[in-house]
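Enquirer: Need coordinates for the following:
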Amino acid sequence: MQQDALIAELQNGNPRAFERIYQLYSESTYGIIYSIIKDEKIAEEVLQDVFLKIWDKAPTYNSDKGRFFTWVLNIARNASIDKIRSKGFKNSQQNLKADNFVNILEDKTSFAESVDSIGLKKYIDKLKPVCKKLIDYLFFRGYTQKETSEELDMPLGTVKTRNRMCIEQLRKIVIK
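Expert: Have a look, this model is predicted:
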């Protein structure tokens, strides 16, 4: 089944189309969720929530506004950020055992590896270092623009402007 037809079937509430969409997108969607949350169990929970949202919101998807994959990743990214900002998640992170801190410090997952897990590395590698850093903080670590501004010691307005420019550059690279 062609992707456009598959998406149309999903929008019409076809459970088989939903199953196929899950098969096609769950692995890369999990990758983006995990790169933000850094907890397998919680990332799996968020993945399920994301696919429920995809099922519920499928009729609102409009191909004129962007690719389906981008729409799915935006839902995943937003759900992940909502989760890490939730009071329950923050409270669960406050009481970590000392062993967890060793794991965090020894985590070798780099920005390049998390980007490559969803197939974007070849595109992001073509960006300037400042764009790589901004995209890392804003999209893969789930920082707000204000938090990114503080972390990079850069004025908030500059972060916003550079973010728009970097995303536009990335869009041009991907479309080529």
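Enquirer: What are the boundaries of the helices in this protein?
Expert: In the chain, the helices defined using DSSP state H lie at 3-11, 15-37, 40-57, 68-85, 87-94, 98-106, 111-116, 121-124, 129-135, 145-152, 156-175.
Enquirer: Can you name every helix or strand that the shortest one contacts?
Expert: Read it as helix 121-124. helix 111-116, helix 129-135, helix 156-175 (3 or more Cβ pairs under 8 Å, 6 or more residues apart in numbering; DSSP states H and E). (Glycine included, C-beta is placed from N, CA and C.)
Enquirer: For Ser149, find the nearest of those helices.
Expert: Nearest of these to Ser149, taken as Cβ to Cβ: helix 156-175 at 4.4 Å.
Enquirer: That closest one packs against which elements?
Expert: In terms of contacts (3+ Cβ pairs under 8 Å, 6+ apart), helix 156-175 is packed against helix 121-124, helix 129-135, helix 145-152.
Enquirer: Among these, show the one with the smallest mean pLDDT.
Expert: Among those, helix 121-124 carries the lowest mean pLDDT, a mean of 79.
Enquirer: ranking the helices of the chain by mean pLDDT, which is last?
Expert: Lowest mean pLDDT within the helices of the chain: helix 98-106, a mean of 46.
Enquirer: And the pLDDT at Asp39?
Expert: 86.
Enquirer: What are the phi and psi values at it?
Expert: phi -150, psi 120 (degrees, to the nearest 10).
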